[in-house]
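Q: Sequence and predicted model, in that order:
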Amino acid sequence: MSPALAHKQRMLEQGRSASRAVAYSPAAALAGPANAQKHLALMTSALAEDLARLSDMNSMADRQTLKRDELLPKYQDYVQRYRESGLNHPNQVLMQVLVWLFDTEQFEAGLDLALFAIEQGQEMPARFKRDVPTFVADALIDWAEAEHKAKRSPEPYLSQLIPYVDGYWAEITAEEGTQLPTPWKLFERIPARFHKLLGILAMETEQWADAIDHFERATALYPEIGVKTRQDDACKALRKQQAAQEKASENPNT
């Protein structure tokens, strides 16, 4: 081979090597559908190894620490670049990040990612026998009930999710001109649990009318939700409060 031909061959090989390097670089990994699928395969393989690491850990606390401190930072950059790419294809890495965000109680980031996943029509990992809205609503109300039981406030997340879990409630309580989100289609017991807890919280602050409204809505959604005694107590307290207010207005100087 002549020196000139050998030089040309070396340049061609260098060009091919550079092209391969660009195809898998972070900057170009989502540059198009073909590259995106290659990159997703690499990320999915890494994810499988990390899921195996988690399954080998006996301590729940250690698993939570690993998710929060190592795994979420590892995959969130890829998820953000996927969101910015404009692509739409089944993405189990994105969905596992969603699960971990709720596992680690990062609800703002989790809800933001969930709304994106719902818009794309993404599906939960195969081990979950439910859709994204059901997973999110279940996870949030389970957490909220546990927080309340531990005497901690589940707000603002409980109220923030109501427009999604109960579209009718959002319509009748929204201020005029408010743009409402598309409500989720859920088993009625789920929004009923939200209203039950919101009613209990309203009772604890002596907002009797609000408590009654939430209990009535909970019962309308799911009659077996079990709020009758609390609703009766709230009605009695409201009547007593109203009577006291009427008496005070009749005798302002007493």
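A: Received the coordinates, thanks. Numbering: from 1, shown residues only.

Q: Start from the N-terminal end of the chain and give the helices.
A: Assigned by DSSP state H, the chain shows helices spanning 3-23, 33-55, 60-66, 72-85, 92-103, 107-120, 132-149, 157-165, 167-173, 189-204, 208-221, 228-250.

Q: Report all helices and strands that the third one contacts.
A: By that I understand helix 60-66. With contacts taken as 3 or more CB pairs under 8 Å, 6 or more residues apart in numbering; DSSP states H and E, helix 60-66 sits against helix 33-55. From N, CA and C alone the C-beta is placed, and that goes for glycine too.

Q: So what angle separates the directions of the helix it packs on and helix 72-85?
A: Put simply, helix 33-55 runs at 160 degrees to helix 72-85, going by axes from the mean of the first three to the mean of the last three CA atoms, to 10 degrees.

Q: ok so, going back, identify whichever of the helices of the chain lies nearest to Pro181.
A: helix 157-165 (5.4 Å; CB to CB).

Q: chain center to that closest one, what's the gap?
A: Chain-centre distance of helix 157-165: 11 Å, with CA atoms, centre = their mean, to the nearest Å.

Q: So which residues make contact with it?
A: Under the criterion CB atoms under 8 Å, 6 or more residues apart in numbering, residues 107, 111, 133, 136-137, 140-141, 143-144, 169-170, 174, 180-181, 183-184, 186, 190-191, 194, 197-198, 201 lie in contact with helix 157-165.

Q: quick one, domains of this protein?
A: The chain breaks down by automatic domain parsing into domains covering 28-124, 130-254.
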